[in-house]
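Trainee: Pasting the sequence and the predicted model now:
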Amino acid sequence: MKVLALIWSDETGWEKLSQEEREDWYSQYRAFAAAADSKLAGGDELAPTRAATTVRVREGETTVTDGPFAETREQLGGYFVLDVDSLEEAAELAAKIPGARHGAVELRPAAEEDAA
Amino acid sequence: MQYVLLIYDTEDAGGREGLMQEYFAYTDDLEASGKLVSSAPLEPSGTARSVRVRDGETSLTDGPYAETKEQLGGYYVVDADTAEEAAEWAAKIPSARFGTIEVRAIMQIPAEARA
């Protein structure tokens, strides 16, 4: 089964880090990705939410507004797509994602009919 | 430049006959344009769990990270030339008429960093 692992963390904390500290986090993410390699089906780091826009269409009119869908204490900063046998395995892997130690990892199973 | 289009909508989508067919048609269009990178519909947020690790202890809680009026129901990753093009694809997602599409730019990471 495919499980989307959404990584929520305080992006203001990230922006305060030095380049060296960021490199350290990136190396931890690389180590996670290398260790979990056969169980990963994808993943991306997202640009900060100040670059987010939201799009709605009502009665044929499109409105685009700045900012993410919801203002939350922590922000969606990236995700992995996990290819696992069970939700338990997904939770074990999620606990190894570096962001789980300071933020939260939300697990969302993909529906069976994968459109991709 | 890649963008993820996050689809937020109410999970009680009663009375929206034909929405799945609209999604199939949209996905076909996106694929035919060569702009589709990946996509997935998600199981309802009732199946969500959130994982946190503090001082080496893992805690698991049921439910999504945030309780919101609309819930994340799926996503598309698209390869668009501009943010405007990404917004145009977002506006064509069937749920844009009922819910909200959040458009988030994906960071360009050097291949060696993806390992």
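Mentor: Here it is on my side, so go on.
Trainee: how distant is stretch A:37-57 from the center of its chain?
Mentor: In this view, stretch A:37-57 has its centroid 7 Å away from the chain centroid, taken as C-alpha atoms, centre = their mean, to the nearest Å.
Trainee: anything in stretch B:65-78 near chain A?
Mentor: Yes: interface with chain A: stretch B:65-78 contributes B:65-66, B:68, B:70, B:72, B:74-75, B:77 (C-beta under 8 Å from any C-beta of the partner chain). In short, each C-beta sits where N, CA and C put it, glycine included.
Trainee: Out of the residues you listed, which sit inside strands?
Mentor: Counting by DSSP state E, those place B:72, B:74-75, B:77 in strands.
Trainee: thinking again about what came up before, give the ChimeraX command for selecting the buried subset of the residues of stretch B:65-78 next to chain A.
Mentor: To isolate the buried ones among those in ChimeraX, judged by 16 or more other C-beta atoms under 10 Å in any protein chain shown, type:
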select /B:65,66,70,72,74,75,77
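Trainee: what are the ranges of the strands in chain B?
Mentor: B:2-9, B:36-41, B:49-54, B:57-62, B:71-79, B:100-105.
Trainee: would a markdown table of those with mean pLDDT be doable?
Mentor: Formatted as a markdown table, the strands of chain B follow (pLDDT from 0 to 100):
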| stretch | mean pLDDT |
| --- | --- |
| strand B:2-9 | 97 |
| strand B:36-41 | 96 |
| strand B:49-54 | 97 |
| strand B:57-62 | 96 |
| strand B:71-79 | 97 |
| strand B:100-105 | 98 |
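Trainee: I'd like to know which of the ones you listed lies nearest to residue A:52.
Mentor: strand B:100-105 (5.3 Å; C-beta to C-beta).
Trainee: Next, the buried residues of the closest one.
Mentor: Buried residues in strand B:100-105 (16+ other C-beta under 10 Å): B:100-105.
Trainee: can you point me to the longest helix in the chain?
Mentor: By default, I'm working from chain A. Looking across chain A with DSSP state H, the single longest helix is helix A:19-35.
Trainee: you looked at the wrong chain, it should be chain B
Mentor: When chain B is parsed with DSSP H, its longest helix is helix B:19-32.
Trainee: Now look at that helix and say if it contacts chain A.
Mentor: Yes: under the criterion of C-beta under 8 Å from any C-beta, chain A is reached by helix B:19-32 at B:23-24, B:27.
Trainee: Spatially nearest residue to the residue nearest in space to the middle of chain B, not counting backbone neighbours?
Mentor: Nearest residue to the geometric centre of chain B (C-alpha atoms, centre = their mean): residue B:75, 2.0 Å. Once flanking residues are discounted, residue B:75 sits nearest to residue B:6: 5.2 Å by C-beta to C-beta, 6 or more residues apart in numbering or on different chains.
Trainee: before we move on, back to that, with distance to residue B:82 added, can I get the buried residues of strand B:100-105 in a markdown table?
Mentor: Shown next, in a markdown table, are the buried residues of strand B:100-105 (distance: C-beta to C-beta, whole Å):
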| residue | distance to residue B:82 |
| --- | --- |
| B:100 | 21 |
| B:101 | 16 |
| B:102 | 17 |
| B:103 | 12 |
| B:104 | 15 |
| B:105 | 11 |
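Trainee: Nearest to residue A:96, out of these: which one, please.
Mentor: For those, the nearest to residue A:96 is residue B:104 (23.8 Å; C-beta to C-beta).
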